[in-house]
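Peer 1: Structure for this input, please:
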Amino acid sequence: MTWQLFDKEILGNQAQVLVDDQYIIENPGEDLPNIAWFGVYCQKDTDGQYWNPEETDMLNQIEHELIDLAGQHSNGWAVYVRRVISAGKREYFFYFGGDATLAEVLPALKGLHPEYRIEFDVKPDPEWQYYFSWLKEAPNA
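Peer 2: Numbering: from 1, shown residues only. Sure, this is the predicted structure:
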């Protein structure tokens, strides 16, 4: 099982999707019943691209820091499963439970990058319905 990268139209917008299919057979839904979403919004005009090339290094740095912070605040109770990049926005999805404190990632990341609009939301998904719907979209799942 691997990460799959593919293009897809989502809500009328073209997007680049990266999804980890390793949980297709055994998923820790009972232990990780919540899904966290982080949205990172570009600052510069994308001019028809997913992001402005001048922002590449900064967006990659934010992504790296987000994943690191999520790991630090997961206390072993979170998995990173999906990234969606569309024009002007990058979205990251983590399933979590137990002692994970992913809500603490948002202020930490905003503190590192106050110039960026970064958002966070959480929903219950104990059956991992979102995850399995995403896998149906993946060409090789």
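Peer 1: Surely residue 18 touches residue 80?
Peer 2: No: contact criterion Cβ atoms under 8 Å: residue 18 and residue 80 do not qualify, at 9.8 Å. (C-beta placed from N, C-alpha, C; glycine too.)
Peer 1: When these two are compared, which one has more neighbours?
Peer 2: Under the criterion of other Cβ atoms under 10 Å, the comparison of residue 18 against residue 80 puts residue 80 first, with 19 against 16.
Peer 1: Leaving out sequence neighbours, find the closest residue to that one.
Peer 2: Once flanking residues are discounted, residue 80 sits nearest to residue 94: 5.2 Å by Cβ to Cβ, 6 or more residues apart in numbering.
Peer 1: For beta bridges, what are the partners of the residue nearest the centre of the chain?
Peer 2: Nearest to the geometric centre of the chain sits residue 92, at 1.0 Å (Cα atoms, centre = their mean). For residue 92, the beta-bridge partners are residue 38, residue 83 (DSSP bridges).
Peer 1: Pull up the gap between it and residue 19, please.
Peer 2: 12 Å (Cβ to Cβ, to the nearest Å).
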